[in-house]
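Chemist: missing the sequence, but the structure's below:
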């Protein structure tokens, strides 16, 4: 049995080395999209060595390649205890790169990393609708009961904003033109609904329906596979 384990480990090491060699050649391409493709290809071989390579890219590349590296780490479930904290710590470092932050949340959701929820919850209120939406969906994928009240609050807030009448006056005038709050709410409301559907496996589609459902189920609801 030990002999078989050693053989499998050696095979894994060889596959990782081969993947890294192919990656290093492809990564020399000056095209950022081509390098992002090389990153995605490398991630098809989860291993501690490929993990180290992806982490380095996550901290020192152009946004599209960093996003590819972040998204790729979502496939490293076997190394979740290492990949998760790295992704979480990368959020603040990429505060001005919503493309990267969105990819990080996608990866955290795929990793099903409950230890990241405390940070994920904070991003529900991010001013950037894309980032807030990605955080909500990550929580939905992770499926922990602690997320429900926070998702519902965001859902209700967005629905209230969407229902507000629009005034005149043009952009930049209070009550008129493009309202950043309304633009954000339009993006975040559907994400919050989808997050609740993922988390609960229920299919309600409005804040009012979810509020009624949760009022009836709060005391007895349990997460089911």
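Modeler: All right, it came through fine. Not measured: the values here are computed from a predicted model.

Chemist: just the pLDDT at residue 109, thanks.
Modeler: Predicted confidence (pLDDT) for residue 109: 97.

Chemist: counting by contacts, list what the helix or strand hosting it packs against.
Modeler: Here residue 109 sits within helix 98-111, counting by DSSP states H and E. Judged by 3 or more Cβ pairs under 8 Å, 6 or more residues apart in numbering; DSSP states H and E, the packing partners of helix 98-111 are helix 63-73, helix 80-93, helix 129-142. In this view, the C-beta of every residue, glycine as well, is placed from N, C-alpha and C.

Chemist: for residue 210, which of those helices is the nearest?
Modeler: Nearest of the helices and strands packed on helix 98-111 to residue 210, taken as Cβ to Cβ: helix 129-142 at 12.5 Å.

Chemist: how about stretch 86-100: buried residues?
Modeler: By neighbour count with 16 or more other Cβ atoms under 10 Å, stretch 86-100 contains the buried residues 86-88, 90-91, 94, 97-100.

Chemist: mind checking the end-to-end distance for that stretch?
Modeler: One end of stretch 86-100 sits 13 Å from the other (Cα to Cα, to the nearest Å).

Chemist: cool, stretch 55-64 as well?
Modeler: Terminal-residue distance, stretch 55-64 (Cα to Cα): 15 Å.

Chemist: chain center to it, what's the gap?
Modeler: 16 Å (Cα atoms, centre = their mean, to the nearest Å).

Chemist: just stretch 114-126 next, same as before
Modeler: For stretch 114-126, the distance to the chain centre is 10 Å (Cα atoms, centre = their mean).

Chemist: quick check: mean pLDDT of that stretch?
Modeler: 97.

Chemist: do me a favour and get the end-to-end distance for that stretch?
Modeler: 20 Å.
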